[in-house]
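Asks: how would this look folded up:
(4 chains)
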Protein chains: 2
Amino acid sequence: MATVVNMSDVPSGRGVRADARRNRERVLQAAQTVFAKQGLSAQMQDVAQQAGVGLGTVYRHFPTKERLAAELVSAGFDRMTTQALHARDEPGDAWDRLVAALRANLADLAADAGTRAAMAGGVAVDLDHGEPARLRHRAALDALLADARAEGAVHDDFQVDDLGMMLCGMSAAMDSRSDVGWERQLRFVLRGIRAVGAGPGAAE
Amino acid sequence: MATVVNMSDVPSGRGVRADARRNRERVLQAAQTVFAKQGLSAQMQDVAQQAGVGLGTVYRHFPTKERLAAELVSAGFDRMTTQALHARDEPGDAWDRLVAALRANLADLAADAGTRAAMAGGVAVDLDHGEPARLRHRAALDALLADARAEGAVHDDFQVDDLGMMLCGMSAAMDSRSDVGWERQLRFVLRGIRAVGAGPGAAE
DNA sequence: CAGTAATCGGACTTCCGTTTCCGATTCGAG
DNA sequence: CTCGAATCGGAAACGGAAGTCCGATTACTG
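Replies: You can find the predicted model right below:
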């Protein structure tokens, strides 16, 4: 017999009651809102309230908080991956494309404390379910970086993981010192990355 | 009458029982060890155990965990301040002195997860008792930076708080991606800070 | 050495957020 | 429309870490 214990098992619901599917979406939406604003330390109760739903309903759709968080964080990384992929298709030189991607990613991070926390790394997010998206993002940045390197626009010894460190660091900085804009910090970072004598100013 | 309720009121104990003074020191020492290794999320129980002392004794000397943490974090910042002040007295040009100070501070941060957490900012440390040390450190860096700027070694628009951001970011990066050395990241950061055409390589 | 007040230790209480459980409710097939 | 199964809601159980309390112990004073 197939008594469904937890909806999170049924990927996208064939024959799932309409209200259940609706509520799952509501919860996801609410969680995005709440976690983006308050960070991953927000409470499940808040998510339920924001969704206009009972606590039990939240747990019916997502077995644990960690899992719910992983879902959203993955979505956040995928968003950033998309931005990076999109930037790569733009015209212009590789350096500008890289910068554009970083700008987009940082703007996204600036608006989402949840993904930011995951980026900064301190917080526990279900690794099994969060890593794939992270790796896709890494790969996307790597492609961008490879282009720029081939063009001689970045230092030879600058690696993807160095970029990761930068994003990690800037995420942390956004959390504690929100008064100082990330654009400012990015300017200095770009100066440090750009190969010496590779065209004009580091910031586009 | 003056029945002492909590030792933390009596700064440095005149007429305090010998074992009490000894234990206070032990606890402080233990806390430094534990917090440096595990970060500020370590438990008071662990501190007590490491000190070879009961939980009650820890709380006799420090009213709350936050207060104990603030004490240690302040010490950490003061250590870094001293390093900065010391670097300023060295011979050589201002840029090298600034770099030396940053190196020393980062090495210190690398070894102390507690101070690192405070630097990265996410964690709650009693602000009233933690801020002064933080500001002293900021001032010390500011002096170093002023020297370097007067010498034309750093970009005009680079501020102390930008340095703060960098340290904040690098602290966060150390926590999550410990495999990538901070020296590496520092190289890029320095390149970004150094004024264009101001002497040879950014890293000394 | 005895008396006394302060200190010690750690079991216990409190607090707070996560997770479970189950009676009430709602959907939708027949 | 009726019935059964799935879903909902939120009260209560659970768990873990901070902080309290008090009997036992120990350092100093006379």
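
Asks: Can you pull the residues of chain A lying near DNA strand C?
Replies: A:17-19, A:43-45, A:55-56, A:59, A:63-66 (Cβ under 7 Å from any atom of the strand). Using the backbone N, CA and C atoms, a C-beta is placed for each residue, glycine as well.

Asks: Going through the residues you listed, which ones are buried?
Replies: Using 16 or more other Cβ atoms under 10 Å in any protein chain shown as the burial test, the residues of chain A next to DNA strand C include A:44, A:59, A:65-66 as buried.

Asks: Now intersect the residues of chain A next to DNA strand C with the strands, please.
Replies: Under the assignment DSSP state E, the residues of chain A next to DNA strand C contribute nothing to strands.

Asks: Which of the helices and strands in chain A ranks last by mean pLDDT?
Replies: Lowest on mean pLDDT, DSSP states H and E among the helices and strands of chain A sits helix A:160-176, with a mean of 91.

Asks: And for that one, what's in contact with it?
Replies: Helix A:160-176 has contacts (Cβ atoms under 8 Å, 6 or more residues apart in numbering or on different chains) with A:39, A:102, A:105-106, A:109-110, A:113, A:116-117, A:119-121, A:138, A:141-142, A:145, A:180, A:182, A:185-186, A:189, B:120-122, B:165-166, B:168-173, B:176-177, B:180, B:184-185, B:188.

Asks: how far does the helix or strand following that helix sit from the chain's center?
Replies: Later in the chain than helix A:160-176, the nearest helix or strand by DSSP states H and E is helix A:182-193. Relative to its parent chain, helix A:182-193 has a centroid offset of 20 Å by Cα atoms, centre = their mean, to the nearest Å.

Asks: what mean pLDDT does helix A:182-193 have?
Replies: On average, the pLDDT along helix A:182-193 is 93.

Asks: can you pull the buried residues of it?
Replies: Of the residues in helix A:182-193, those buried (16+ other Cβ under 10 Å) are A:182, A:185-193.

Asks: quick one, that helix and helix B:182-193 angle?
Replies: Calculated by axes from the mean of the first three to the mean of the last three Cα atoms, to 10 degrees, helix A:182-193 forms an angle of 100 degrees with helix B:182-193.

Asks: Spell out whether helix A:182-193 and chain B are in contact.
Replies: Yes. In terms of Cβ under 8 Å from any Cβ of the partner chain, part of helix A:182-193 sits within range of chain B, namely A:184-185, A:188-193.

Asks: of these, closest to DNA strand C?
Replies: The nearest member of the residues of helix A:182-193 next to chain B to DNA strand C, counting by Cβ to the nearest atom of the strand, is A:Q185 at 30.6 Å.

Asks: and that closest one, what does it touch?
Replies: A:170, A:173, B:162, B:165-166, B:169.

Asks: same thing but 6 Å
Replies: A:170, B:165 (Cβ atoms under 6 Å, 6 or more residues apart in numbering or on different chains).

Asks: quick one on the thing from earlier: please, a PyMOL command that selects the buried ones among the contacts of helix A:160-176?
Replies: Here is the PyMOL command that selects only those of the contacts of helix A:160-176 that count as buried (16+ other Cβ under 10 Å):
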select buried, (chain A and resi 39+102+105+106+109+110+113+116+117+119+120+121+138+141+142+145+180+182+185+186+189) or (chain B and resi 120+121+122+165+166+168+169+170+171+172+173+176+177+180+185+188)
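
Asks: how about the residues of chain A near chain B?
Replies: A:120-122, A:161, A:165, A:168-170, A:172-173, A:175-176, A:180, A:185, A:188-189, A:191-192 (Cβ under 6 Å from any Cβ of the partner chain).

Asks: near DNA strand D, which residues of chain A show up?
Replies: A:3-4, A:7, A:16-17, A:19-20, A:22-23, A:53-57, A:59-61.

Asks: Report the buried members of these.
Replies: Applying 16+ other Cβ under 10 Å to these flags A:7, A:20, A:23, A:53, A:57, A:59-61 as buried.

Asks: Could you find the lowest-pLDDT member of those?
Replies: Among these, A:M7 has the weakest pLDDT, 55.

Asks: residues near A:A198, how many?
Replies: For A:A198, the number of neighbouring residues by other Cβ atoms under 10 Å in any protein chain shown comes to 14.

Asks: got the contact list for A:G197?
Replies: A:G197 neighbours (Cβ under 6 Å, 6+ apart): none.

Asks: Local confidence estimate at it?
Replies: Listed pLDDT for A:G197 reads 72.

Asks: Same check on A:N6?
Replies: Reading off the model, A:N6 has pLDDT 57.

Asks: low-scoring stretches of chain A, by residue?
Replies: Applying pLDDT under 70 to chain A flags residues A:1-14, A:122-124, A:199-204.

Asks: where along it do the helices fall?
Replies: A:18-38, A:44-51, A:55-61, A:65-88, A:94-111, A:113-120, A:127-150, A:160-176, A:182-193 (DSSP state H).

Asks: Pull the last one out as PDB, backbone CA atoms only.
Replies: If I follow you right, that is helix A:182-193. What follows is helix A:182-193, C-alpha atoms only, in PDB (Å, rounded to 0.1, in the frame of the first residue of the first chain):
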ATOM      1  CA  TRP A 182      28.900  46.300  -2.100                       C
ATOM      2  CA  GLU A 183      29.500  48.200  -5.300                       C
ATOM      3  CA  ARG A 184      32.300  50.000  -3.400                       C
ATOM      4  CA  GLN A 185      33.900  46.800  -2.300                       C
ATOM      5  CA  LEU A 186      33.500  45.300  -5.700                       C
ATOM      6  CA  ARG A 187      35.600  48.100  -7.300                       C
ATOM      7  CA  PHE A 188      38.600  47.200  -5.200                       C
ATOM      8  CA  VAL A 189      38.100  43.500  -5.700                       C
ATOM      9  CA  LEU A 190      38.000  43.900  -9.500                       C
ATOM     10  CA  ARG A 191      41.200  46.000  -9.400                       C
ATOM     11  CA  GLY A 192      42.900  43.100  -7.600                       C
ATOM     12  CA  ILE A 193      41.700  40.500 -10.100                       C
END
